[in-house]
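1. pasting the sequence and the predicted model now:
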Amino acid sequence: MDKILIVEDDATLVRMLSAFMIEEGYEVQSTFGQRKARELMNQYTFDLALVDISLSDGTGYGVYNDAKEKNLPVIFLTASGDEHSVVTGLDMGAYDYITKPFRPRELVSRVKNVLRRTGKQNSVIKIQELEIDSQKGAVYKNGKEIEVSAMEYRLLLVLAANKGQILSRNQLLGKLWDGVGNYVNDNTLTVYIKRLREKIEDDPAHPVYIKTLRGLGYRMEE
């Protein structure tokens, strides 16, 4: 699973970006400043960084210099119309930039393009006999494709991107809302969980992939 570092001091944008990237099958960590970004890059291995040029602590250019030492590709996030920042970032060697506000799917397309160019893209999530190919938008079990609806696929991606972690019903509902009015309610979530289990579990009554933790939520087993 590709790991994305988001360095951005706008908390609302970070929440939106993190949720969307997780839904697309990426593992995400975020921070608001240069010092913490450096600590995270020393602690973890990332495949790409999304970096705002204006930060509360340091600058995006400083983060880029730290990322360059790790051979970590960077996409700069910049304010609309700030041509100087764009040119400076590209001259430094950034792979791409995107101006705010932007459409999440456009950003995902840019991310995939950079990962392809750098040879870092890993589009397949494997969990036991289950495989989720986020590039093809397909799900396989034991090599055989399983037909899932768009919302079932998104639900599976969210669970898989957070495998081993408990996600409450409210967290799942929040992550399944795509920002343009397409969302599921609490009752519908139960239906999607049931349908997904019927498709991926050998015995839906005794699931081994999607576990229910009563009073807490759901967990995708590793």
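-> Received the coordinates, thanks. What you see is a predicted model; the values in this text were computed from it and never measured.
2. buried stuff in the lowest-mean-pLDDT helix or strand in the chain?
-> Taking mean pLDDT, DSSP states H and E as the measure, the chain has helix 83-92 as its least confident helix or strand, at a mean of 78. Buried residues in helix 83-92, counted by 16 or more other CB atoms under 10 Å: 85-86, 88-89. Yep, even glycine has a C-beta here, placed from its N, CA and C like the rest.
3. ok, of these, which one's closest to K175?
-> G89 (30.1 Å; CB to CB).
4. so the closest one makes contact with D52?
-> No - the pair formed by G89 and D52 falls short of the contact definition of CB atoms under 8 Å, at 10.8 Å.
5. quick check: closest non-adjacent residue to L167.
-> G217 (5.1 Å; CB to CB, 6 or more residues apart in numbering).
6. per-domain residue ranges of the chain.
-> 3-118, 127-220 (automatic domain parsing).
7. circling back to that earlier point, how about the buried residues of helix 83-92, which pair is most distant?
-> Greatest spatial distance among the buried residues of helix 83-92 (CB to CB): V86 and T88, at 7.3 Å.
8. ranges for the helices of this structure?
-> Per DSSP state H, the chain carries helices over the ranges 11-23, 34-43, 60-69, 83-92, 104-118, 150-161, 169-176, 186-200.
9. pLDDT at W177, what is it?
-> With respect to pLDDT, W177 scores 65.
10. ditto for the one 4 residues further on
-> Looking at G181, its pLDDT stands at 43.
11. can you check G119 too?
-> What the model reports as pLDDT for G119 is 68.
12. what does the one 10 residues further on give?
-> The confidence metric pLDDT takes the value 90 at E129.
13. check contacts around it.
-> Each residue near E129 by CB atoms under 8 Å, 6 or more residues apart in numbering is listed here: 141-142.
14. just give me the neighbour total for the closest residue to E131 other than its chain neighbours.
-> Closest residue to E131 apart from its sequence neighbours, by CB to CB, 6+ apart: Y140 at 4.4 Å. Look at Y140: counted by other CB atoms under 10 Å, it has 16 neighbours.
15. Y140 reaches E147, doesn't it?
-> No - the criterion here is CB under 8 Å, and Y140 misses it with E147 at 11.0 Å.
16. what number of residues lie near Y61?
-> 18.
17. check K3 too.
-> K3: 16 neighbours (other CB under 10 Å).
18. ok, what's across the strand from it?
-> On the basis of DSSP bridges, K3 is bridged to E27.
19. okay, it: pLDDT?
-> The predicted local confidence for K3 is 88.
20. what's near enough to touch it?
-> Counting by CB under 8 Å, 6+ apart, K3 touches 26-29, 44-47.
21. how near is it to E27?
-> Distance of K3 to E27, given as CB to CB, to the nearest Å: 5 Å.
22. same check, this time on L157
-> 12 Å.
23. out of those two, which sits in the more crowded spot?
-> L157 (22 against 18).
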